[in-house]
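Enquirer: sequence and predicted model, in that order:
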Amino acid sequence: MLRRFTDVLIEEGIMDAQRLGELIAARTDLQEPVDEYLVRVGAIDERTRARVLSLMYGVPLLDFQTVTVQPEALALVPREVALRCKAVPIGVQGSQLVVAMADPADIVALDDLRTASGREIAIAVAPRPQIQDALMRYYGLDEDVKTVVQRMRAAEEEDTSVIRLVEAVLNRAIADRASDLHIEPMEGNTRVRERIDGVLRQTAEIPRELHEAVVARIKIMSNLDIAEKRAPQDGRIAYRIGGQDYDLRVSTYPSVHGEKVVLRILEKSTERFDLQKLGLEESVLTLLKRIIERPYGMLIVCGPTGSGKTTTLYASLSHLNTPERNIITIEDPVEYQLPGITQANVNPRAGLTFATGLRAILRQDPDVVLVGEIRDRETAVIAVEAALTGHMVFSTLHANEAAGAPGRLIEMGVEPFLLASALVGVLSQRLVRLLCKECREPTEPDPELLARLRLTPQMVQGHKLYAGRGCHRCQFTGYRGRRAIVELMEVNDTIRHHITHHQPTTVIRESAIQNGMVPLYRDALRLVLTGETSLEEVLRVVANDVDEAPESPAYSAEVA
């Protein structure tokens, strides 16, 4: 007999019966399925929903990060059928077609898939965001840029065509997992580039004569002034595709050839903000939890723009987010809205800066405070004072390494003895690209690369190293996805002494390493030795850290 969704939640220990009963009693729309309702109110996430459905129906639970999709399976189901059924063909097993779905009880979809493919259907379940991503990747959700441009040149209605062109550009960027989309006027045409896994790649060209119409359409979507072309403007677009909501942050900039537009693409789902999913080494994860769970103090996260600082801080806030804690943030801007946390944007025109916002937050009885960035003396001093008066303060800082953060704050005007008492930890991080799992292959290490990374052949002996060959799934780059590499400095008595006496960064760094801190590039090498990334990628991301590292036993220790 088929178990109910709520029964599985309780029997598997996923949710407490009393809490579930309270949520069900609060449901107002009785037509809304229970699983949809629980996801909407944040009681469970999409991954949990898929897991429960897998247990209910006795079908496999898939993760598209580890699944290889067979081209012959995709060819059996037409695009319109796959999109309508919200199903992704995975592979062929004998006379059966294996299909990943978000709803295994959709009988109509199963009939359509059976008819279209001419085969019996074997069902697997996957989280809905993964299904949507796979549909965009393998089928596309709309016309591509080239097709729309060709139709526009065939003298169709221009207004409608411009709308479709902008949608095609946005949809392509989302399907490619781009974090940023650049629309750049050049002398002869308009170049479209996407930042995928931290690297910019050109993906399309738009005729120069269509540039102003495209920019005007984006300005209309983001409520900007279409007549203003001489000054930069900022706006936002709420965008929805394939059942998933996105927040697009729009920035325009006047250049000699016209206005350049850059869009930051933010998926509204908050499932990623989980400390367990950051990919940290177990000992580092345990130490980070110990630091952030302290009742008061200051944790600084440093790194360049786009290094994942916000994700790490949001994951830390989510870990601490309980009804017993009052968590308040002041950000520039709020990138993701976290349920149960009070968040605010800075607004300099209204007098709300990081400093004034932080002062106001301290009158709101907070337990945990997030200051988006420490940029000036006033904010730094107030943040330190907050940490000394019983609050846990998180913030970001532009510093090259963990050991350099105390010096930056002292240069801003914070008294060294106060900083030494307030600071409990500094985390420095970068993002490295991961090798595509579908096309990675063993490789022999380049001796020159090993030398640049201060490694010897003996250090990597016994480890299989990989490189990406390039395939359709990774767009022939050899990489797909990114992971954080970190160095986490816990402030102990020795480091406090160094901070109080304003010792150089090199002294603080050596003490931190002796205290157990793993330098940034050593954490990156961990991913090389486990086959997750390449030596070339490590050198690309942390070359400066390797070059600036001193020769010492702590740095030249053999890689485990």
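Expert: That came through, no problem.
Enquirer: what does stretch 227-236 contact?
Expert: 219, 222-225, 247-254, 258-259 (C-beta atoms under 8 Å, 6 or more residues apart in numbering). Every residue, glycine included, has its C-beta placed from N, CA and C.
Enquirer: for the record, mean pLDDT for stretch 407-422?
Expert: Stretch 407-422 carries an average pLDDT of 96.
Enquirer: now do it: everything it contacts.
Expert: The contact list for stretch 407-422, computed with C-beta under 8 Å, 6+ apart, reads 297-298, 300, 374, 376-377, 380-381, 384-385, 387-388, 393, 397-399, 406, 491, 496-497, 499-502, 504-505, 508.
Enquirer: do the same with stretch 125-139
Expert: Here stretch 125-139 makes contact (C-beta under 8 Å, 6+ apart) with 46-47, 49-50, 53-54, 57, 59-64, 69, 74, 79, 82-83, 86-88, 100-102, 104, 141, 171, 174-175, 177, 241-244, 267, 269, 271, 473.
Enquirer: now do the helices in the stretch 151-300 of the chain.
Expert: Along the stretch 151-300 of the chain, counting by DSSP state H, counting those that start in this stretch, helices occupy 158-175, 211-221, 282-292.
Enquirer: also the stretch 351-500 of the chain?
Expert: According to DSSP H, counting those that start in this stretch, the stretch 351-500 of the chain carries its helices in the segments 354-361, 377-388, 405-412, 416-422, 447-452, 493-500.
Enquirer: for the fifth one, buried residues please.
Expert: This means helix 447-452. For helix 447-452, a neighbour-count test (16 or more other C-beta atoms under 10 Å) marks L450 as buried.
Enquirer: with just CA atoms, put that helix into CSV.
Expert: Output in CSV follows, covering the C-alpha atoms of helix 447-452 (Å, rounded to 0.1, in the frame of the first residue of the first chain):
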residue,chain,number,x,y,z
PRO,A,447,57.2,19.2,-14.0
GLU,A,448,57.2,22.9,-14.5
LEU,A,449,53.7,23.2,-12.9
LEU,A,450,54.8,21.1,-10.0
ALA,A,451,57.8,23.4,-9.4
ARG,A,452,55.6,26.5,-9.6
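Enquirer: show residues contacting that helix.
Expert: With C-beta under 8 Å, 6+ apart, helix 447-452 has contacts from 456-457, 459-460, 535-536, 539, 543, 546.
Enquirer: what subset of those residues is buried?
Expert: Buried among these by 16+ other C-beta under 10 Å: 459-460, 535-536, 539, 546.
Enquirer: by mean pLDDT, point me to the weakest helix or strand of this protein.
Expert: helix 553-556 (a mean of 41; mean pLDDT, DSSP states H and E).
Enquirer: now the helices of the stretch 351-500 of the chain as a markdown table including distance to E36?
Expert: Below are the helices of the stretch 351-500 of the chain laid out as a markdown table (distance: least, C-beta to C-beta, whole Å):
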| stretch | distance to E36 |
| --- | --- |
| helix 354-361 | 35 |
| helix 377-388 | 41 |
| helix 405-412 | 44 |
| helix 416-422 | 45 |
| helix 447-452 | 50 |
| helix 493-500 | 50 |
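Enquirer: out of the ones you listed, nearest to Q96?
Expert: Nearest to Q96, of all the helices of the stretch 351-500 of the chain, is helix 447-452, at 45.9 Å by C-beta to C-beta.
Enquirer: mean confidence for that closest one?
Expert: Regarding helix 447-452, the rounded mean pLDDT is 85.
Enquirer: just give me how far that helix sits from the chain centre.
Expert: Relative to the chain's own centre, helix 447-452 is displaced by 31 Å; criterion: C-alpha atoms, centre = their mean, to the nearest Å.
Enquirer: mind checking which of the contacts of stretch 125-139 are buried?
Expert: 46-47, 49-50, 53-54, 59, 61-62, 64, 69, 74, 82-83, 86-88, 100-102, 104, 141, 171, 174-175, 177, 241-242, 244, 267, 269, 473.
Enquirer: tell me which element R47 falls in.
Expert: Using DSSP states H and E, the element containing R47 is helix 46-57.
Enquirer: alpha carbons of that helix, as CSV, please.
Expert: Taking C-alpha atoms only, helix 46-57 is exported to CSV below (Å, rounded to 0.1, in the frame of the first residue of the first chain):
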residue,chain,number,x,y,z
GLU,A,46,13.4,20.4,-3.0
ARG,A,47,16.0,17.8,-2.3
THR,A,48,14.0,16.5,0.7
ARG,A,49,10.8,16.5,-1.3
ALA,A,50,12.5,14.4,-4.0
ARG,A,51,13.9,12.0,-1.5
VAL,A,52,10.4,11.4,0.1
LEU,A,53,8.8,10.9,-3.3
SER,A,54,11.5,8.3,-4.0
LEU,A,55,10.7,6.4,-0.8
MET,A,56,6.9,6.7,-1.4
TYR,A,57,7.0,5.2,-4.9
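Enquirer: got a list of contacts for that helix?
Expert: Counting by C-beta under 8 Å, 6+ apart, 2-5, 8-9, 12, 14, 35, 38-39, 44, 59-61, 102-105, 123, 125-129, 269, 271 sit against helix 46-57.
Enquirer: return the distance of the following helix or strand past that helix from the chain's centre.
Expert: Downstream of helix 46-57, the first helix or strand assigned by DSSP H and E is helix 71-74. Mean-position distance between helix 71-74 and its chain equals 29 Å (C-alpha atoms, centre = their mean).
Enquirer: now helix 71-74: average pLDDT?
Expert: 88.
Enquirer: one step back: could you dump the helices of the stretch 151-300 of the chain into TSV with distance to K464 and mean pLDDT added?
Expert: Formatted as TSV, those follow (distance: least, C-beta to C-beta, whole Å; pLDDT from 0 to 100):
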stretch	distance to K464	mean pLDDT
helix 158-175	32	82
helix 211-221	47	95
helix 282-292	22	95
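Enquirer: may I see the ones you listed organised as CSV, with distance to A467 added?
Expert: Shown next, in CSV, are the helices of the stretch 151-300 of the chain (distance: least, C-beta to C-beta, whole Å):
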stretch, distance to A467
helix 158-175, 26
helix 211-221, 38
helix 282-292, 26
